[in-house]
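S.K.: test case, fold it:
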Amino acid sequence: MPEQTSIEFVPLDGQPFGAEVRLPSYTTNPADLNDADFQKLKEGLMTYSVLVVPNQENLSPESQHSLTVRFDPTTSSGYGHDPSLFHSAKSILAKDGRSVPTRPEVQMVGNGSFEAGHEGMKAFTLEHPTHHHFHKDILSDEEVARGQTRFYRWHIDAALYELAPPVVTTLLGLVVPSKNEIQKVVYEDTKEVKELVKGATAFASGKIAFDLLSDEDKQFALNHSVVYAPHPYIFINNCKATSDGLTIVSEQPPKEVPLDELPPWEPSKVKKLPMVWTNPITKNQHLQVHGCCVYQLVNSKTGEVVAELEEARKIVHRFMRPAISPQHIYCHGWNKGDLCIFHNRGVIHSVTGEFEPHEKRLMHQCNVASGEDPVLLN
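M.R.: The predicted structure is shown next:
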């Protein structure tokens, strides 16, 4: 067999996007790619949106971090969230990860109890996110017993206050469920069914989302921006999500934390981002909205508010819902050692899977706040 001298991509069979990466023979560590091959990796990521690098169970947190920041020359040194807010007991993200002591930009996520020794940790416990804590209407015990799950929360990895959204997230599977365990999502509005491996990470393409819009809705998206709530994950801490995980149910009386009761915030640090972000390599337009954290929609040029909270959520849901239909999403069923690299400015993603407290799952996740906000290029 001839020596593979450069990085290669194999599109994922039968999937709407994504590719497997085959590393060149000179390294088994993607963080050690030479400049030419790393540039190909970056271009491949922007082209395929999600890349899977197998057999990376020995990838260190240091290598994962160095690989992640290499994608963005403007990147800051810190994690994609302010740690004091990310782990605040008043935030919906409070249980979503534990920092690796030697490389705090890398978060441990998963489920179950683990003995001392992993990356210098004392004994620790992780809790897999479940829709039972976050959705307004939940699955019955009978539905769960029949193998149903939900998209927990479709999102972009981003603080959405002060810090710019990370360009890339890397996610490494270390302890994973059996691929023989299959669960399913039943879409409440269409009754369609999506079967997936237990604990699969679901990805939806912002490009597909934009392409599926009507011409009228494309013009709206191109000319409007999203204002995100200050400290958005604290703002919605008492709220519940729609059954598809795309946005928040607006209730009366409102469950959102009043703005004057949030931690101190500054108007200049509130994020106003285009609804559509331009892929820097392909120049494709990606509809990229974190529907659970939306506060207002505004005219991008004038700043005029065109939709307040409840109406903004309805518009975003209508725009994004077609892109999470079964035929348009990629649900990655994990093998031990899979490293998923995804374009955080080109896809949204969601946790899936129902786990018992004793079931073990362990992953390393890394993203780092960018130095620049995403832009729309017409």
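S.K.: residue 302 belongs to a helix?
M.R.: No: going by DSSP: H, G, I helix; E, B strand; the rest coil, the assignment for residue 302 is coil, not a helix.
S.K.: assign a three-state SS to the residue nearest to residue 199 when sequence neighbours are not counted, would you?
M.R.: Among residues not flanking residue 199 along the chain, residue 353 sits closest, at 3.8 Å (CB to CB, 6 or more residues apart in numbering). Just so you know, the C-beta spots here come from the backbone N, C-alpha and C atoms, and that holds for glycine as well. Three-state assignment for residue 353 (three-state DSSP): coil.
S.K.: so that it lines up with my notes, have the first residue be 30 from now on.
M.R.: Right, with 30 as the first residue, what we last looked at is residue 382.
S.K.: need the contact list for residue 179.
M.R.: Residue 179 is in contact with 160, 164, 168, 214, 272-274, 381, counting by CB atoms under 8 Å, 6 or more residues apart in numbering.
S.K.: now, which of these sits nearest residue 360?
M.R.: residue 381 (7.0 Å; CB to CB).
S.K.: which residue packs closest to residue 167, ignoring adjacent ones?
M.R.: residue 161 is the one closest to residue 167 (CB to CB, 6+ apart), at 5.1 Å.
S.K.: next structured bit after the helix or strand containing that neighbour?
M.R.: Under the criterion of DSSP states H and E, residue 161 resides in helix 160-163. Per DSSP H and E, the first helix or strand lying C-terminal to helix 160-163 is helix 170-174.
S.K.: which residues of the stretch 230-379 of the chain fall in strands?
M.R.: 230-234, 253-257, 301-303, 305-307, 314-316, 323-328, 334-336, 358-361, 368-372, 376-380 (DSSP state E, counting those that start in this stretch).
S.K.: and the longest one, how far out from the chain middle?
M.R.: With CA atoms, centre = their mean, to the nearest Å as the basis, strand 323-328 stands 21 Å off its chain's centre.
S.K.: helices and strands around it, which ones?
M.R.: strand 253-257, strand 334-336, helix 338-349 (3 or more CB pairs under 8 Å, 6 or more residues apart in numbering; DSSP states H and E).
S.K.: check those for me and report the most buried one.
M.R.: Ranked by mean neighbour count, the helices and strands packed on strand 323-328 are led by strand 253-257 with a mean of 22 (mean count of other CB atoms under 10 Å).
S.K.: OK, contacts around residue 395?
M.R.: Per CB under 8 Å, 6+ apart, neighbours of residue 395: 90, 93-94, 97, 134-136, 198-200.
S.K.: still on that earlier bit, so which of the strands of the stretch 230-379 of the chain gets nearest residue 207?
M.R.: Using CB to CB, the nearest of those to residue 207 is strand 358-361, at 15.0 Å.
S.K.: dump the contacts of residue 179 to JSON lines, plus neighbour count, distance to residue 80 and pLDDT.
M.R.: JSON lines is the format used below for the contacts of residue 179 (neighbours: other CB atoms under 10 Å; distance: CB to CB, whole Å; pLDDT from 0 to 100):
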{"residue": "160", "neighbour count": "23", "distance to residue 80": "28", "pLDDT": "92"}
{"residue": "164", "neighbour count": "20", "distance to residue 80": "30", "pLDDT": "96"}
{"residue": "168", "neighbour count": "19", "distance to residue 80": "32", "pLDDT": "96"}
{"residue": "214", "neighbour count": "24", "distance to residue 80": "24", "pLDDT": "98"}
{"residue": "272", "neighbour count": "19", "distance to residue 80": "30", "pLDDT": "97"}
{"residue": "273", "neighbour count": "20", "distance to residue 80": "26", "pLDDT": "97"}
{"residue": "274", "neighbour count": "24", "distance to residue 80": "24", "pLDDT": "97"}
{"residue": "381", "neighbour count": "26", "distance to residue 80": "20", "pLDDT": "96"}
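S.K.: stretch 258-269 spans what distance, first to last residue?
M.R.: One end of stretch 258-269 sits 16 Å from the other (CA to CA, to the nearest Å).
S.K.: hmm, who's touching it?
M.R.: 114-115, 117, 119-122, 163-165, 189-190, 277-278, 280, 284-286, 288, 291-292, 294, 298-299, 319, 321-324.
S.K.: and the longest helix seen in the chain, average pLDDT?
M.R.: Ranked by number of residues, the top helix in the chain under DSSP state H is helix 64-77. Helix 64-77 shows a mean pLDDT of 98.
S.K.: give the buried residues for it.
M.R.: 66-67, 69-71, 73-77 (16 or more other CB atoms under 10 Å).
S.K.: wait, which of these is closest to residue 337?
M.R.: residue 75 (34.5 Å).
S.K.: how close does the closest residue to the closest one other than its chain neighbours get to residue 137?
M.R.: The shortest distance from residue 75 to any non-neighbouring residue, by CB to CB, 6+ apart, is to residue 310 (3.6 Å). Using CB to CB, to the nearest Å, we find residue 310 at a distance of 31 Å from residue 137.
S.K.: and the two? which has more neighbours close in?
M.R.: residue 137 (20 against 14; other CB atoms under 10 Å).
S.K.: pretty sure that one sits against residue 126.
M.R.: Yes: using CB atoms under 8 Å, residue 137 is in contact with residue 126, at 6.2 Å.
S.K.: touching both of the two, which residues are there?
M.R.: residue 394.
S.K.: and the helices in the stretch 180-329 of the chain?
M.R.: Remark: helices assigned in the stretch 180-329 of the chain by DSSP state H, counting those that start in this stretch are 235-240, 244-251, 261-264.
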